[in-house]
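Dropping the sequence and predicted coords here.
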Amino acid sequence: MVESSDHRAEPRQLKDWDEVRQSYCHLVGLAKRELRIFSPALEPGVFEQRAFMEAVRTFLITAHARRIHLLVLDGATALRKSPRLVELLRSFPSQVEIRRLGPHIQSDGASYLLADEDRMVLRSDPKHYAGIVVDSDLGKVRPKRQEFVDYWAQSDPDPNLRRLQL
């Protein structure tokens with residue numbers, strides 16, 4: 001079935017952790033230009049999964065112009081919980097930037113992945129699978145995208161996540 005360009009699918013509710021992991025991988029696979037990820041601690045049940053890391057790797061090697069912006073609350077916690085993902089992202093220094101949320105910013109605790117301008121996985125509590133997937137709906141994604149842009153502008157590179165070049 002072909003959908004018209006002005007038709008937007010309703011957000012889909014995530015029912016379990018498998019759907020969360022599949023949704024993250026699916027949106028990474030659909031992204032053409034950029035991924036913006038905000039996760040308080042890079043929960044390993046999502047980010048340390050082989051399928052997710054392979055999707056990210058494929059996203060980055062397919063086109064040099066593709067970018068990932070990753071925002072975490074604390075670099076040491078992110079490195080402890082998802083060391084393989086952090087190491088993978090460090091291997092693409094010209095395409096990936098990792099920052100920590102500024103200490104004066106009060107986030108609502110949500111975890112989300114934004115793919116380009118119109119796709120998103122949003123979970124209001126990173127410790128729980130409940131959330132939604134938004135596909136091809138700029139209007140629903142725009143508020144979280146703007147939130148990410150605002151957070152990013154007030155964030156700093158985390159020294160715990162920098163790679164020492166020898």
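Happy to help now that I have it. Residues are numbered from 1 along each chain as shown.

tell me the SS of the residue nearest to the spatial centre of the chain?
In the chain, the centroid-proximal residue (CA atoms, centre = their mean) is I37; its distance is 2.3 Å. Following DSSP: H, G, I helix; E, B strand; the rest coil, I37 is assigned to strand.

quick one: it from H69, how far?
Noted for I37: a distance of 7 Å to H69, by CB to CB, to the nearest Å. All C-beta spots, glycine's among them, are computed from the backbone N, C-alpha and C.

With L161 instead?
13 Å.

hang on, isn't C25 packed against M53?
No - using CB atoms under 8 Å, C25 is not in contact with M53, being 9.6 Å away.

Apart from its chain neighbours, what residue comes closest to K32?
Nearest non-adjacent residue to K32, counting by CB to CB, 6 or more residues apart in numbering: D116, 5.9 Å away.

Verify the stated contact: the one you found with E34.
Yes - the pair D116 / E34 is scored as a contact, 6.3 Å apart, by CB under 8 Å.

Need the overlap of contacts for those two.
Contact with both D116 and E34 is made by no residue, according to CB atoms under 8 Å, 6 or more residues apart in numbering.

Okay, strands next: where are they in the protein?
Remark: strands assigned in the chain by DSSP state E are 12-13, 34-39, 67-72, 96-100, 111-115, 119-123, 132-135, 156-157.

tell me, which helix in this protein spans the most residues?
helix 138-153 (DSSP state H).

Let me know the angle separating that one from strand 119-123.
70 degrees (axes from the mean of the first three to the mean of the last three CA atoms, to 10 degrees).

could you say what helices and strands helix 138-153 packs with?
If contacts are counted by 3 or more CB pairs under 8 Å, 6 or more residues apart in numbering; DSSP states H and E, helix 138-153 sits against strand 34-39, strand 67-72, strand 111-115, strand 119-123.

Go again with 10 Å.
Under the contact definition 3 or more CB pairs under 10 Å, 6 or more residues apart in numbering; DSSP states H and E, helix 138-153 sits against strand 34-39, strand 67-72, strand 96-100, strand 111-115, strand 119-123, strand 132-135.

which residues touch that helix?
8-11, 36-38, 69, 71, 97, 99, 101-102, 105, 107-108, 110, 112-120, 122, 132, 134-135, 155 (CB atoms under 10 Å, 6 or more residues apart in numbering).
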